[in-house]
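Participant: I'll drop the sequence and a predicted model, then ask my questions.
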Amino acid sequence: MADLTPEGKCLFCEQTYNKSGISRHLATHLKKMDKVDKKKSLHLRVEAGPYFLNLLMDGDAKLSDLDGFLRAIWLECCGHLSQFSYGRWNEEIRLSLKCQRIFEKGTKLWYAYDFGSTTELDIKCIDVYPVAVKEKIRILSRNEPYNSICVNCKKKPAVQVCTAHWGEDDAYFCEYCAEKHEVECEEGEYSMFPIVNSPRMGVCGYTGGMIDVERD
């Protein structure tokens, strides 16, 4: 079975830390950034099980910018609806609001994408810094991707997952073995999806994000 490592690299120094340690480590770098009067940038942690993102977001950016970013990096497949709220399925927060009006240190939001096959995310503001960012949202760290060997040939890296056998030992295949499994599986090609670094893996029509980590 594929093994997702809940660790990520720091954008600033390239060192690897676990999910809880990376947030604390990033603070040591963020505190050293040049301060800018009347600016607020938000350190946000986004989680879904072992998947996580640490983001630095311009406080003047809108919640719609965060929605678009999450869709691009983790979620977008068929243009489904989404929602931010304080707690699961509570009153929806308007996307037009600036994020510095919504977030302060410790603020927690719940986010849902697709109200049928829903992917849920937890968002927490780790801290607020008087710094400026060039982009509306900058990726500070992201969990390392799947690293697995094909369960059939036990030699090549697995690149496809069979959702009909989700959670079983025979679900992850290299390209060659995936083609063979398609023929043998009752669900056939409709059950095969690429292994991607996203909590949306294997759901609906999702095949991968449009954003990856860029390092200076």
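Facilitator: Nice, I can see it. Numbers count the residues shown, from 1 in each chain.
Participant: which other helices and strands contact the helix or strand where residue 128 lies?
Facilitator: Residue 128 belongs to strand 119-129 when assigned by DSSP states H and E. Helices and strands touching strand 119-129, by 3 or more Cβ pairs under 8 Å, 6 or more residues apart in numbering; DSSP states H and E, are helix 19-30, strand 41-48, strand 108-113. (Each C-beta comes from the backbone N, C-alpha and C, glycine too.)
Participant: out of these, which comes closest to residue 184?
Facilitator: Smallest distance to residue 184 across the helices and strands packed on strand 119-129 (Cβ to Cβ): 31.2 Å, for strand 41-48.
Participant: returning to what we had before: deepest-packed of the helices and strands packed on strand 119-129, please.
Facilitator: The highest mean neighbour count among those, using mean count of other Cβ atoms under 10 Å, belongs to strand 41-48: a mean of 22.
Participant: the strand holding residue 128 pairs with which strands?
Facilitator: strand 41-48 (antiparallel), strand 108-113 (antiparallel) (DSSP bridges).
Participant: can you add mean pLDDT and distance to residue 66 and give the helices and strands packed on strand 119-129 back as CSV?
Facilitator: As requested, the helices and strands packed on strand 119-129 are exported to CSV (pLDDT from 0 to 100; distance: least, Cβ to Cβ, whole Å):
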stretch, mean pLDDT, distance to residue 66
helix 19-30, 96, 17
strand 41-48, 98, 8
strand 108-113, 98, 8
